[in-house]
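In: for reference, the sequence and a predicted model appear below.
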Amino acid sequence: GENVEQHPSTLSVQEGDSAVIKCTYSDSASNYFPWYKQELGKRPQLIIDIRSNVGEKKDQRIAVTLNKTAKHFSLHITETQPEDSAVYFCAASKGSNYQLIWGAGTKLIIKP
Amino acid sequence: DTAVSQTPKYLVTQMGNDKSIKCEQNLGHDTMYWYKQDSKKFLKIMFSYNNKELIINETVPNRFSPKSPDKAHLNLHINSLELGDSAVYFCASSPGLGETQYFGPGTRLLVL
């Protein structure tokens, strides 16, 4: 079955710098890749997603890139701010009728 | 209006007790889920229901029993609570399996 690996497990960056979190997946049929942000004590919330017919998607300071050949996708956050501190989860799915498979999460710490 | 709601928000109970957590979604989604998130923050899927029918039942002790009275509700009943059941339990819903999931606020369960 599908397996999603997420790295690093913890990432500490200086405020204003960029942060990159990477996920690899095993099933080449996967075609939907969402990213969720979970602030301390809160629920996970979708921040951006990408489908396999697109290589990159951007929303203000966050972007996701997808490399189907290498079977990995990454979350990029530019100009990091204190409110970016959270746990970020990636996930992958083969689409409708298939379960969403989750990465283990990355704790992002923004140092002032 | 809250899209996915759970009650109670906090639950403190003694070992051996039986407790229930309720979940409701007003998004008109067909699929609902229960997740367990322990102190290590990993999101572990427990159950998935589609149109009131169980479609995914991960390796979960049979002390945990989900019940879906209708498409908008998925409740979780836990018998004979153990210390290791202490965690945050999230309900979620999505239009269909493998699609974007929307999470409830979580129920923080502490078993003493």
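Out: That came through fine.
In: tell me which helix or strand comes right after the worst-scoring helix or strand of chain B on mean pLDDT.
Out: When the helices and strands of chain B are scored by mean pLDDT, DSSP states H and E, strand B:53-57 comes last with a mean of 80. Counting by DSSP states H and E, the next helix or strand C-terminal to strand B:53-57 is strand B:64-70.
In: please name the nearest non-neighbouring residue to A:Ser18.
Out: Sequence neighbours aside, A:Thr78 is the residue nearest to A:Ser18 in space, at 5.0 Å (criterion: CB to CB, 6 or more residues apart in numbering or on different chains). Placement of C-beta: from N, CA and C, glycine included.
In: Three-state assignment for the residue most central in space within chain B, please.
Out: With distances taken as CA atoms, centre = their mean, B:Trp34 lies nearest the centre of chain B, 3.2 Å away. Here B:Trp34 is recorded as strand under DSSP: H, G, I helix; E, B strand; the rest coil.
In: I'd say it and B:Asn75 touch.
Out: No: between B:Trp34 and B:Asn75 there is no contact under CB atoms under 8 Å: 9.3 Å.
In: ranges for the strands of chain A?
Out: For chain A, applying DSSP state E gives strands covering A:4-7, A:10-14, A:19-25, A:32-38, A:45-51, A:56-59, A:62-67, A:72-77, A:86-92, A:101-102, A:106-111.
In: quick check: which of those is buried the most?
Out: Greatest average neighbour count among those goes to strand A:86-92 (a mean of 25), per mean count of other CB atoms under 10 Å in any protein chain shown.
In: near chain A, which residues of chain B?
Out: For chain B, the contact set with chain A under CB under 8 Å from any CB of the partner chain comprises B:41-43, B:45, B:48, B:56, B:90, B:94, B:96-106.
In: now with 7 Å, please.
Out: When proximity is defined as CB under 7 Å from any CB of the partner chain, chain B approaches chain A at B:41-43, B:48, B:56, B:90, B:96-101, B:103-106.
In: how many other residues sit next to A:Met53?
Out: Quick fix: residue A:53 reads Asn, not Met. 8 (other CB atoms under 10 Å in any protein chain shown).
In: likewise A:Gly41?
Out: A:Gly41 has 9 neighbours, counted by other CB under 10 Å.
In: need the pLDDT of it.
Out: We have a pLDDT of 94 for A:Gly41.
In: what's the answer for B:Asp1, then?
Out: B:Asp1 is assigned 60 on the pLDDT scale.
In: same check on B:Lys40?
Out: The model reports B:Lys40 with a pLDDT of 83.
In: what sits against it?
Out: Residues near B:Lys40 by CB atoms under 7 Å, 6 or more residues apart in numbering or on different chains: none.
In: just A:Arg43 next, same as before
Out: So A:Arg43 contacts B:90, B:103-106 (CB under 7 Å, 6+ apart).
In: the strands in chain B, which residues?
Out: Applying DSSP E to chain B gives strands spanning B:4-7, B:10-13, B:19-25, B:31-37, B:43-50, B:53-57, B:64-70, B:73-78, B:87-94, B:102-103, B:107-111.
In: what helices or strands is the first one leaning on?
Out: This points to strand B:4-7. On a contact count with 3 or more CB pairs under 7 Å, 6 or more residues apart in numbering or on different chains; DSSP states H and E, strand B:4-7 meets strand B:19-25, strand B:87-94.
In: and the shortest one, by the same measure?
Out: Using 3+ CB pairs under 7 Å, 6+ apart as the contact test, the elements touching strand B:102-103 are strand B:87-94.
In: and if you look at the second one?
Out: Judged by 3+ CB pairs under 7 Å, 6+ apart, the packing partners of strand B:10-13 are strand B:107-111.
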